[in-house]
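>>> Fold the stuff below for me.
(one chain, ligands or ions: 1)
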Amino acid sequence: MNTSLRPAVIAGNWKMNNTPSQAQALITQMLPLVKDASCQVVIGVPFVNLPLACQMCKGTNVKVAAQNCHWEEKGAFTGEISPQMLTELGVEYVILGHSERRTYFGETDESLNKRVLAALNAGLKVILCVGESLQQREANVTNEFVCMQVKLDLQNVSEEMLKNVIIAYEPIWAIGTGKTATAQQAQEVCKTIRACIASLYGKQAADGMTIQYGGSMNAGNAAELLSQEDIDGGLIGGASLKAPDFATIVAAAK
Ligand code: PGA
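Numbers count the residues shown, from 1 in each chain. Here you go, the predicted structure:
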């Protein structure tokens, strides 16, 4: 982290976990534990929990994220949620391009780029997820692959719009597997992403960009990962479902 250049952001990605009553209990437990955070704290909750989460986090230091959104404002898109629906609730962030969306729901860089543009135009901050598979890592194409994703997903995003983008580097092989990238592996790719941003938008934009690591980040390994120069936060899955663990990670981001 280098908080003199860019804000640190710890975001929980609850995925498809917690019913509204369970969400209420978890947020109630979490809020006092993270209230003195020196980083920005975000929780990414299922759609049905968004009204409750926004209400409970209002006036606190915690912001709320959705886990996806569509690119159109409204219309015949059964099952989809528009950025405007989110902003009216008080949602400030949206996680886009998570590898589970790409893998299980066929999201492509092309459709993701539309979601990114629509979300930014609606005033949402975007947490854009990129990351390689094990096969790609073993074939030594991690850096090229991740940079390609960044370029495709950010097409037509202006330098001004980029200020509302956070990139989350999430190696697919490390997600939910308990297999964390080493701090050096994570740092190397986050640095590569920053260099890619510099080539597209210039050094100032790259220096100012928050880049998170995600993939089995937990209370035990967060401090080491976050001590790396180019890792400015985390996108936390499993460990965000336990308030004390999430709070320990938040406390490590200082
Ligand atoms: P994990 O998930 O922390 O459970 O590995 C991270 C993510 O998918 O965002």
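
>>> tell me which residues in stretch 75-89 are buried?
Ile81, Ser82, Pro83, Gln84, Met85, Leu86, Thr87, Leu89 (16 or more other C-beta atoms under 10 Å). All C-beta spots, glycine's among them, are computed from the backbone N, C-alpha and C.

>>> Just the terminal-to-terminal distance for that stretch.
19 Å (C-alpha to C-alpha, to the nearest Å).

>>> doesn't Arg115 make contact with Leu154?
No. Using C-beta atoms under 8 Å, Leu154 is not in contact with Arg115, being 11.8 Å away.

>>> and Val94, that's in a helix?
No. With DSSP: H, G, I helix; E, B strand; the rest coil as the criterion, Val94 is located in strand rather than a helix.

>>> Quick check: the residue of the stretch 101-250 of the chain nearest the ligand.
Using C-beta to the nearest ligand atom, the single residue of the stretch 101-250 of the chain nearest to the ligand is Gly237, 2.2 Å away.

>>> Can you read off the pLDDT for that residue?
pLDDT for Gly237: 97.

>>> quick revisit: of the buried residues of stretch 75-89, list those near the ligand.
Here nothing survives when the buried residues of stretch 75-89 are matched to the ligand using C-beta under 6 Å from any ligand atom.

>>> who touches the closest residue to Gln29 other than its chain neighbours in this structure?
Of all residues not flanking Gln29 in the chain, Ala243 sits nearest, at 4.1 Å (C-beta to C-beta, 6 or more residues apart in numbering). Residues near Ala243 by C-beta atoms under 8 Å, 6 or more residues apart in numbering: Leu26, Gln29, Met30, Leu33.

>>> Could you pull out the strands in the stretch 1-150 of the chain for me?
9-13, 40-44, 62-66, 93-96, 125-130 (DSSP state E, counting those that start in this stretch).

>>> hmm, who's touching the lengthiest helix in the chain?
In the chain, taking DSSP state H as the definition, the longest helix is helix 183-201. Helix 183-201 has contacts (C-beta under 8 Å, 6+ apart) with 130, 142-143, 146-147, 150-151, 154, 159, 162, 167, 169, 171, 180-181, 205-207, 209, 211, 213, 221, 224-225, 227-231.

>>> hmm, back to that, is it possible to export the strands of the stretch 1-150 of the chain to a markdown table including distance to Tyr104, mean pLDDT and mean neighbour count?
Output for these, formatted as a markdown table (distance: least, C-beta to C-beta, whole Å; pLDDT from 0 to 100; neighbours: other C-beta atoms under 10 Å):
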| stretch | distance to Tyr104 | mean pLDDT | mean neighbour count |
| --- | --- | --- | --- |
| strand 9-13 | 15 | 98 | 26 |
| strand 40-44 | 17 | 98 | 25 |
| strand 62-66 | 17 | 98 | 24 |
| strand 93-96 | 15 | 98 | 26 |
| strand 125-130 | 14 | 98 | 26 |
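
>>> Turn the ones you listed into JSON lines, including distance to the ligand.
Formatted as JSON lines, the strands of the stretch 1-150 of the chain follow (distance: least, C-beta to the nearest ligand atom, whole Å):
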{"stretch": "strand 9-13", "distance to the ligand": "4"}
{"stretch": "strand 40-44", "distance to the ligand": "8"}
{"stretch": "strand 62-66", "distance to the ligand": "11"}
{"stretch": "strand 93-96", "distance to the ligand": "8"}
{"stretch": "strand 125-130", "distance to the ligand": "7"}
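
>>> what about the helices in this structure?
20-34, 50-57, 83-89, 99-104, 109-121, 134-138, 142-153, 159-162, 183-201, 203-208, 222-226, 243-252.

>>> how about those helices in TSV, adding mean pLDDT and distance to Met1?
Below are the helices of the chain laid out as TSV (pLDDT from 0 to 100; distance: least, C-beta to C-beta, whole Å):
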stretch	mean pLDDT	distance to Met1
helix 20-34	98	17
helix 50-57	98	23
helix 83-89	98	28
helix 99-104	97	24
helix 109-121	98	24
helix 134-138	94	24
helix 142-153	98	20
helix 159-162	98	19
helix 183-201	98	11
helix 203-208	98	13
helix 222-226	97	5
helix 243-252	98	10
